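Visitor: This is a predicted model, with the sequence first.
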Amino acid sequence: MSRVTVVGGGLAGCEAAFQLARRGHDVTLHEQKPLARTPAQTGDGLAELVCSNSMRGASLGNAVGLLKEELRRAGSLVMAVADLTRVPAGGALAVDRERFSAEMTARVRAEPRITVTASVVETIPSERPVIIATGPLTGDALAAELARVIGAEKLAYYDAIAPIVSAESIDWSRVFKQSRYDKGDDGDDEAYVNCPFDEQGYLAFVAELAAAAKVVPRDFEKIRYFEGCLPIEVMAERGPRTLSFGPMKPVGLTDPRTGRRPWAVVQLRPEDAHATAYNLVGFQTRMTFTEQARVLRMIPGLEQAEFFRYGSVHRNTFVDAPRILDEAMQLRAATGVFLAGQITGVEGYVESAAGGFVAALLLADRLAGRPLSPPPPATALASLASHLRRETKDFQPSNVTWAHFPPLEDASLKKRERYDAMAARALVELGPWAAARLAERG
Ligand SMILES: Cc1cc2nc3c(=O)[nH]c(=O)nc-3n(C[C@H](O)[C@H](O)[C@H](O)COP(=O)(O)OP(=O)(O)OC[C@H]3O[C@@H](n4cnc5c(N)ncnc54)[C@H](O)[C@@H]3O)c2cc1C
């Protein structure tokens, strides 16, 4: 059996180390605590939940609920400990964060094949294979080395996430499909959906954007915004016309119902190959989620919008996964160097744990000299991974959402029934795969 190095004892790193150890590999887990902490950490345990104690929705009708159930059935350590340390939280799975971290620390340290080492890793270790799972606040020296290996433009220090709405919640009678000057990305002149504003509606919308409550950044998050990537409310605060000369500019567009150029538009771009969801182009925002739900529903056509994801802007170290990682989560530029967790461009506690889980299983396949056995396509595990392979102009991190799943053949189902059917389909596919993967463990 092999020796594997894992850097970062967070959710992804602990999950990966545990899965590899249980498959007979010796693991050295480097964690910087207690020598150093990221600005968001307050404790010295492994797998610290740095903010909310919630792992979000528990029901299977919820994409992250399904992801949790798949992890549970496939033998995830994070899920076993989350269930053990659960506290009441209505429809969500929330945990006692101190107990969660303490139990994770105890279980990882109790694994005979895992050695936990306190060290601040500043360069990619020469021992290979190595999984780097240092998370959204990866130390500067290691991030700089990563940037050197993959190319500085392939590593981001902030995310700037635009909201995503479900296609079926758009009022299609109020919007029109058209690309600027009828030129789409791939020759498709109807690649974009436009939500047209008149002058009065636009000015009211901009006023609400400027006045809406925003998430207050933590000290270390005082962000130096790039001019090309400003949150919409920052633009709204600069003056009433700034947005209509920026992401809401109507140039090159003609509303077929009026035959005229709208005063301003919000453009929507399909988020997935089947156009089941759309993102609001250039609409990264720090408005609170409640305010996003209120203010963004002022956009013509989005009055009843269902948000798959809200916008955000965070300090977040992540790579351009579709361009720099292969199907095993290995750097194309450095053999034997794998990434896992939030640094790959997944977002959230459960998604990061899932990233560590899948990276470890694929590495175990390689070490055993057998073909890779990734999770079956209809599962949440596979759907989340598909986000990391979807090349876009501006790759941004994402939670797991239903938009990442392959659509059902039966398109007639209503939303709730559809999600239930997608979850049922996923668990059926997961069953034999999870059983085979559990059987590999000692
Ligand atoms: C301020 C903030 C708030 C967040 N709030 C939430 C939330 O409420 N809900 C949610 O789902 N997600 C939240 N996230 C995202 C969350 O961080 C991730 O979902 C999750 O923790 C990522 O897991 P990970 O294992 O990839 O990284 P982490 O959990 O961050 O683990 C990385 C580990 O690597 C260690 N490390 C870093 N650099 C080095 C180094 N050079 N050498 C050795 N060790 C190193 C760190 O100490 C850490 O233990 C938040 C993120 C931040 C920054």
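Guide: Here it is on my side, so go on.
Visitor: Of all the residues in the stretch 251-400 of the chain, which one is nearest the ligand?
Guide: Gly341 (2.5 Å; Cβ to the nearest ligand atom). Quick note: C-beta positions are derived from backbone N, CA and C, even for glycine.
Visitor: ok, the helix or strand bottoming out on mean pLDDT in the chain: who's next to it in the sheet?
Guide: Among the secondary structure pieces of the chain, namely its helices and strands, strand 155-161 has the lowest mean (mean pLDDT, DSSP states H and E), a mean of 88. Looking at strand 155-161 with DSSP bridges, its paired strands and their directions are strand 312-319 (antiparallel).
Visitor: what pLDDT, on average, does the partner strand get?
Guide: Averaging pLDDT along strand 312-319 yields 90.
Visitor: So the residue of the stretch 251-400 of the chain closest to the ligand is in contact with Gly10, correct?
Guide: Yes: with contact defined as Cβ atoms under 8 Å, Gly341 reaches Gly10; the gap is 6.4 Å.
Visitor: so what's in contact with those two at the same time?
Guide: Common neighbours of Gly341 and Gly10 are listed as Ala133, Gly135, Ser352 (criterion: Cβ atoms under 8 Å, 6 or more residues apart in numbering).
Visitor: what's the neighbour count on the second one?
Guide: When neighbours are counted by other Cβ atoms under 10 Å, Gly135 registers 25.
Visitor: name the element it belongs to?
Guide: Assessed by DSSP states H and E, Gly135 sits outside every helix and strand.
Visitor: Show me the helices in this protein, by range?
Guide: Assignment of helices within the chain using DSSP state H yields the ranges 11-22, 63-74, 77-84, 97-110, 140-150, 199-211, 232-238, 289-295, 321-324, 349-367, 380-387, 415-439.
Visitor: Can you give the contact residues for the last one?
Guide: I take that to be helix 415-439. For helix 415-439, contacts defined as Cβ under 8 Å, 6+ apart pick out 60-63, 65-66, 69-70, 73-75, 166, 168, 306, 361, 373, 375-381, 402, 405, 408, 410, 413.
Visitor: Please repeat the previous calculation with a cut-off of 6 Å.
Guide: Contacts with helix 415-439, where a contact means Cβ atoms under 6 Å, 6 or more residues apart in numbering, come from Leu60, Gly61, Leu66, Glu70, Arg73, Ala74, Gly75, Pro376, Ala378, Thr379, Phe405, Leu408.
Visitor: Skipping adjacent residues, who's closest to the fifth one in space?
Guide: Ranked by Cβ to Cβ, 6 or more residues apart in numbering and with sequence neighbours excluded, the top spatial neighbour of Arg73 is Ala434, at 5.0 Å.
Visitor: Distance of that neighbour relative to Arg441?
Guide: The spacing between Ala434 and Arg441, counted by Cβ to Cβ, to the nearest Å, is 11 Å.
Visitor: Between these two, which has more neighbouring residues?
Guide: In this comparison of Ala434 against Arg441, neighbours counted by other Cβ under 10 Å, the higher total goes to Ala434 at 21 against 12.
Visitor: Point me to the residue of the chain nearest the ligand.
Guide: For the chain, Cβ to the nearest ligand atom, closest residue to the ligand: Gly10, 1.8 Å.
Visitor: Please look at that residue and Gly135 and confirm they touch.
Guide: Yes: A contact is recorded between Gly10 and Gly135 when judged using Cβ atoms under 6 Å, the distance being 4.9 Å.
Visitor: Grab the nearest non-local neighbour of the spatially most central residue of the chain.
Guide: The structure's the chain has its C-alpha centroid closest to Ser398; by Cα atoms, centre = their mean the separation is 2.3 Å. In space, Ser398 comes closest to His387 once its chain neighbours are excluded; the distance is 5.2 Å by Cβ to Cβ, 6+ apart.
Visitor: residues in this protein within reach of the ligand, list them.
Guide: Neighbours of the ligand within the chain, by Cβ under 6 Å from any ligand atom: 7-13, 30-33, 38, 40, 50-52, 120-121, 133-139, 142, 341-343, 348-349, 352.
Visitor: switch to 5 Å and redo it
Guide: Taking Cβ under 5 Å from any ligand atom as the contact definition, the chain meets the ligand at 8-12, 32, 40, 50-52, 120-121, 134-136, 138-139, 142, 341-342, 348-349, 352.
Visitor: Can you tell me which of the residues you listed are buried?
Guide: 8-12, 32, 50, 121, 134-136, 138-139, 142, 341-342, 348-349, 352 (16 or more other Cβ atoms under 10 Å).
Visitor: OK, contacts around Ala47?
Guide: By Cβ under 6 Å, 6+ apart, the contact list for Ala47 reads Leu11, Cys14, Ser101, Met104.
Visitor: quick one: low-confidence parts of this protein?
Guide: Low-confidence segments of the chain, defined by pLDDT under 70, span residues 183-190, 219-228.
Visitor: how about 50 then?
Guide: Within the chain, the stretches with pLDDT under 50 are 186-187.
Visitor: Where does the record place the domain boundaries for it?
Guide: Segmentation of the chain into domains, based on automatic domain parsing, reads 3-159+316-439, 164-310.
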